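Asks: I would like the atomic coordinates for the input below:
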Amino acid sequence: FFLFLFCTSFLHYFRIFHFMRLRHRLMCIIDILDSEIFKIRKHLSKLENLTFKESKKYIHCTFSKHNLIIRKNSSDFLVLSQIFSEKEYEQPLSLIKSKLNLDKAANIIDAGANIGFFTVYANELFKSPNIILIEPFEGNIDIIEKNLRLSNIESYKIFQNVLSYKNDMFFTLNKSYRDG
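Replies: Just a heads-up that it's a prediction; the model follows:
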């Protein structure tokens, strides 16, 4: 009887200990997520007059002079923040523009176009650029077209393909990476 009571008590404390460890791990994960959400909100708050309107499938973001579509439950918010709020491409694109003295239309190749945010951003800096987008994931092509249409970008070509330094390569898409 004593052994049974000891085992029962031990199992009870083991469960409590295990639960406490799981709870601690979950709290750490929640802290990390809260931190990331805070960072994204902080960066997105830099965008003028930012509004969101949800539809069944997408979230329509409007800010400054932009009207873009992002997917729900995706990393699109992060990419939106990186390109339009943190302006990760502003310095290199401004440098390219100033060094090249572009009198005629620029040629922009957006390789790994995702859902077209870079193209929309680059289109603002260059006059009537010739745009080529390369995106391997079929699910992104429709959103690219919608975002370019909403941004009044009409002159572009989209290739559903990948780039490689070798010919005759076979690629498979890892759909578990971020959003596909």
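Asks: can you name the next helix or strand after the one helix or strand in the chain whose mean pLDDT sits lowest?
Replies: Every helix and strand in the chain was compared by mean pLDDT, DSSP states H and E; the lowest is helix 2-44, with a mean of 62. Moving toward the C-terminus from helix 2-44, the next helix or strand (DSSP states H and E) is strand 51-54.
Asks: flag every buried residue along the very next helix or strand once past that following strand.
Replies: Per DSSP H and E, the first helix or strand lying C-terminal to strand 51-54 is strand 58-63. Across strand 58-63, burial judged by 16 or more other Cβ atoms under 10 Å covers 58-59, 61, 63. Placement of C-beta: from N, CA and C, glycine included.
Asks: ok, those vs residue 87, which is closest?
Replies: The closest of the buried residues of strand 58-63 to residue 87 turns out to be residue 63 (Cβ to Cβ; 13.2 Å).
Asks: enumerate every residue touching the closest one.
Replies: Residue 63 makes contacts with 47-51, 84, as judged by Cβ atoms under 8 Å, 6 or more residues apart in numbering.
Asks: and those residues, which is closest to residue 137?
Replies: Closest to residue 137, out of all of the contacts of residue 63 and judged by Cβ to Cβ, is residue 84, at 21.4 Å.
Asks: correct me, but that closest one touches residue 48?
Replies: No. Residue 84 lies out of contact with residue 48 (Cβ atoms under 8 Å); the separation is 10.2 Å.
Asks: who has more neighbours, those two?
Replies: For residue 84 versus residue 48, neighbours defined as other Cβ atoms under 10 Å are more numerous around residue 84 (25 against 8).
Asks: can you put the buried residues of strand 58-63 in JSON lines and add pLDDT and distance to residue 21?
Replies: As requested, the buried residues of strand 58-63 are arranged in JSON lines below (pLDDT from 0 to 100; distance: Cβ to Cβ, whole Å):
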{"residue": "58", "pLDDT": "89", "distance to residue 21": "39"}
{"residue": "59", "pLDDT": "86", "distance to residue 21": "36"}
{"residue": "61", "pLDDT": "88", "distance to residue 21": "40"}
{"residue": "63", "pLDDT": "85", "distance to residue 21": "43"}
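Asks: next one: residue 145 from residue 25, what distance?
Replies: Remark: distance between residue 145 and residue 25 (Cβ to Cβ, to the nearest Å) = 42 Å.
Asks: more neighbours: which of the two?
Replies: Neighbours were counted for residue 145 and for residue 25 using other Cβ under 10 Å; residue 145 has more, 16 against 10.
Asks: residue ranges with poor pLDDT in the chain?
Replies: Low-confidence segments of the chain, defined by pLDDT under 70: 1-20, 24, 28-44, 102-104, 171-180.
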